[in-house]
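*Asks:* I would like the atomic coordinates for the input below:
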Amino acid sequence: MKIGDTVVRKSYNKDIVFKIIGFEIDENNQKIAILKGIAFRIIADSNIDDLEKTNSYDMRNVLIDKDVENILYKSIKKTKERNKKLSRATQKAQSYPKQAQIQSQVQNSYGMPGKVLHIDGDPEYLKICLDVYTKLGIPAIGKAIPENLQYKEVRALLEQHNPSILVITGHDAIVNNKGSLKDLKNYRNTSNFIKTVREARKYDPSLDSLVIFAGACQSNYEEIIKAGANFASSPSRVMIHALDPLLVVEKIACSRIDKVVPLEEILSHTVTGIKGVGGIETRGKFRLTMPLSIYNNY
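*Replies:* Below you'll find the model as predicted:
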């Protein structure tokens, strides 16, 4: 076994594919492997004897399976349709006389999705997310920062980039299944996500001005929401898909500013659904802008 190997845990019926990201010595002086989920935002550890090597996986292919493809296909289709309307409107704005432009004001406009700042504890997940944001036509800035350091950097990043949507994610897990689920010490990174949310709310306390998603697999949903997040994981302490944070904010970024996006519409847009993600009523961040400039093509 070596770092980078893809493995499954025999004692868990080989239910999840992991990548080995490190090794440690436990309290019994035994070598254990530190594991990162391939498709889920979870960190775990395991005795070496419990691991079994499996086929090498391309993370992008695992993350974007048929279910996720179907979700993204619909969103990307909407993005392309929006861009086509923009293109047609631009041609009309350049070709028609002034009177015709005035009569077609609705067409002589374009949309601005909300801007996303995505802070991720996992550089590999972040790169894939940024690629998907681009395909969806959503302006996004990404920063890979370990979960325990995110709270130190979030304020400066917010001031620098001034986003309307903030994602705070990475990996998390319940440390002891027999322990109290109310005890934040029983979670690997929930307390770190909470600290980062609180720092972000010091910068912008408005739930309407700055929309925040925070959390990862099995995170303490209730406490993250109390800290000031609009959306969080995980209400049923289940593992969430690595792209679930992106799928939530995509609905917010591309929904009109004058619309409170129905929660069921947002949550059904994710892979793990209401068991994995929850939140509060939140307005969209998509703004219509008018008119199109005649210099757009320059």
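*Asks:* where does this protein have its least confident helix or strand?
*Replies:* Least confident helix or strand, the chain: helix 98-103 with a mean of 45, by mean pLDDT, DSSP states H and E.
*Asks:* Paired strands for the helix or strand encompassing E24, with orientation please.
*Replies:* E24 belongs to strand 18-25 when assigned by DSSP states H and E. Neighbouring strands of strand 18-25 in its sheet, by DSSP bridges, are strand 6-9 (antiparallel), strand 31-37 (antiparallel).
*Asks:* Now tabulate these in CSV and tack on distance to H161 and mean neighbour count.
*Replies:* All C-beta atoms are positioned from the backbone trio N, CA, C, and that covers glycine. As requested, the strands paired with strand 18-25 are arranged in CSV below (distance: least, CB to CB, whole Å; neighbours: other CB atoms under 10 Å):
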stretch, distance to H161, mean neighbour count
strand 6-9, 34, 19
strand 31-37, 27, 20
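*Asks:* for the residue lying closest to V197 once chain neighbours are set aside, phi and psi?
*Replies:* Closest residue in space to V197, ignoring its immediate chain neighbours: A227 at 4.2 Å, by CB to CB, 6 or more residues apart in numbering. Backbone torsions for A227, taken as degrees, to the nearest 10, come to phi -70, psi -20.
*Asks:* got it, and the one 4 residues further on?
*Replies:* With angles defined as degrees, to the nearest 10, F231 sits at phi -140, psi 150.
*Asks:* okay, now the nearest residue to it once chain neighbours are set aside: neighbour count?
*Replies:* Using CB to CB, 6+ apart and skipping residues adjacent in sequence, the residue nearest F231 is G279, 3.4 Å away. Using other CB atoms under 10 Å, G279 has 23 neighbouring residues.
*Asks:* same thing with the one 5 residues further on?
*Replies:* The number of residues packed around G284, counting by other CB under 10 Å, is 20.
*Asks:* pretty sure it is touching P262, no?
*Replies:* No: applying CB atoms under 8 Å as the test, G284 and P262 come out as separate, 10.8 Å apart.
*Asks:* Could you work out the end-to-end span of stretch 27-42 for me?
*Replies:* Taking CA to CA, to the nearest Å, the first and last residues of stretch 27-42 lie 22 Å apart.
*Asks:* need the contact list for the residue nearest to the spatial centre of the chain.
*Replies:* Of all residues in the chain, the one closest to the mean position by CA atoms, centre = their mean is P245, 2.5 Å from it. By CB atoms under 8 Å, 6 or more residues apart in numbering, P245 lies in contact with 118, 129, 167, 169, 213, 215, 233.
*Asks:* Please, which helix or strand holds the fifth one?
*Replies:* Using DSSP H and E, F213 falls within strand 211-214.
*Asks:* Give me the contact list for that strand.
*Replies:* Applying CB under 8 Å, 6+ apart, the external contacts of strand 211-214 come out as 114, 164-169, 193-194, 196-197, 200-201, 224, 227-232, 245, 248-249, 252, 279, 282, 285.
*Asks:* Just the ones of these in strands?
*Replies:* When the contacts of strand 211-214 are checked against strands (DSSP state E), the matches are 165-169, 231-232, 279, 282.
*Asks:* Let me know the closest of the residues you listed to D5.
*Replies:* Using CB to CB, T169 is the member of the ones in strands among the contacts of strand 211-214 that sits closest to D5, with 24.6 Å.
*Asks:* Give me the distance between the nearest residue to the closest one once chain neighbours are set aside and I42.
*Replies:* Among residues not flanking T169 along the chain, P245 sits closest, at 4.8 Å (CB to CB, 6+ apart). P245 sits at a distance of 14 Å from I42 (criterion: CB to CB, to the nearest Å).
*Asks:* out of everything not next to it in sequence, what's closest to T272?
*Replies:* According to CB to CB, 6+ apart, the nearest residue to T272 is I240 (5.0 Å).
*Asks:* Name all residues that make contact with the one you found.
*Replies:* Counted by CB under 8 Å, 6+ apart, I240 has contacts 40-41, 215-217, 233-234, 270-272, 276-277.
*Asks:* What of Q218?
*Replies:* 42, 172-174, 187, 233-234, 237-239.
*Asks:* Narrow the residues you listed to those in helices?
*Replies:* Using DSSP state H, the subset of those located in helices is empty.
*Asks:* Counting neighbours, which of those comes out on top?
*Replies:* S233 (35 neighbours).
*Asks:* pLDDT score for the residue lying closest to that residue once chain neighbours are set aside?
*Replies:* Spatial nearest neighbour of S233, excluding adjacent residues (CB to CB, 6+ apart): G215 at 3.7 Å. With respect to pLDDT, G215 scores 98.
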